[in-house]
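*Asks:* Sequence isn't available, so here's the structure alone:
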């Protein structure tokens, strides 16, 4: 077999729970084709003597939603062996949100995740309004690692309710619109839905982030959309 890449002489830790072992790794068309002693040729050979060869790690809780716009490498996650991240945690995502209203999602993120609005304004080219459009933007950005995203409750709430999201309970009409947006987001590829009740999640003004204003009926109905789908 002609391999595209052979990684030789490494110590493999494969994540299965088996003890580590020495072996070569043969890759064809971006997929592992052989693990063992490989004597065939390859377009590229890497000598991994003295190194661990392992699957990339998945970081299931990040806030790379803004950073992915200006940092193709995905630092510093990639430096720790992470090859896939999930963002949109804690109810904080950058979509759905129209560019004209982006100050409201930045308000949710600024203090809770210590992300400067000035950095976001300078680093983000806002090309979306809906969550599906945000996923399209991420798809087209240069990336050194893989990204997936949750739909954030705070962003969803401010998209539907505007400033009321920080002060009021949602009306039945608000909730129905949020549910429609959640269905569209999941169909488009959202990993799921996140929210936050944490008292430490506040706006720069010291008020609760939008998701904390939601009552349990609102939360149950939005989580129920995931159950339906």
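*Replies:* Good, I have the coordinates. The structure displayed is predicted, hence computed values, not measured ones.
*Asks:* Where in the chain is the helix or strand with the lowest mean pLDDT?
*Replies:* The helix or strand of the chain with the poorest confidence is helix 102-110; it has a mean of 89 (mean pLDDT, DSSP states H and E).
*Asks:* Which is the succeeding secondary structure element to that helix?
*Replies:* Per DSSP states H and E, helix 102-110 leads on to helix 117-123 as the next helix or strand towards the C-terminus.
*Asks:* Look through this structure and tell me its longest helix.
*Replies:* helix 172-188 (DSSP state H).
*Asks:* can you map out the strands along the chain?
*Replies:* Assigned by DSSP state E, the strands in the chain fall at 3-12, 21-28, 31-36, 42-47, 52-53, 57-59, 82-87, 146-149, 151-152, 193-194.
*Asks:* Now for the residue located most distally from the centre of the chain: which residues touch it?
*Replies:* Farthest-out residue of the chain from its mean C-alpha position, per C-alpha atoms, centre = their mean: residue 39, at 39.6 Å. Applying C-beta atoms under 8 Å, 6 or more residues apart in numbering to residue 39 gives no contacts. C-beta: built from backbone N, CA, C; applies to glycine.
*Asks:* State the pLDDT value of residue 136.
*Replies:* Predicted confidence (pLDDT) for residue 136: 97.
*Asks:* Could you report the neighbour count for it?
*Replies:* 14 (other C-beta atoms under 10 Å).
*Asks:* Might you report the residue contacts of it?
*Replies:* Counting by C-beta under 8 Å, 6+ apart, residue 136 has contacts residue 128.
*Asks:* what residue lies at the spatial centre of the chain?
*Replies:* Nearest to the chain centroid, counting by C-alpha atoms, centre = their mean: residue 87, 2.3 Å.
*Asks:* what's the closest non-adjacent residue to residue 32?
*Replies:* Leaving aside its chain neighbours, residue 32 sits nearest to residue 25 (6.2 Å; criterion: C-beta to C-beta, 6 or more residues apart in numbering).
*Asks:* from what I can see the one you found touches residue 37, true?
*Replies:* No. Using C-beta atoms under 8 Å, residue 25 makes no contact with residue 37, being 11.0 Å away.
*Asks:* So for the two, which residue has more residues nearby?
*Replies:* residue 25 (21 against 9).
*Asks:* what about residue 107, distance to residue 101?
*Replies:* 10 Å (C-beta to C-beta, to the nearest Å).
*Asks:* Pick out whichever of these two has more residues nearby.
*Replies:* residue 107 (21 against 15).
*Asks:* what's around the residue nearest to the more buried one when sequence neighbours are not counted, how many residues?
*Replies:* Using C-beta to C-beta, 6+ apart and skipping the chain neighbours, the partner closest in space to residue 107 is residue 203 (5.0 Å). By other C-beta under 10 Å, 19 other residues sit near residue 203.
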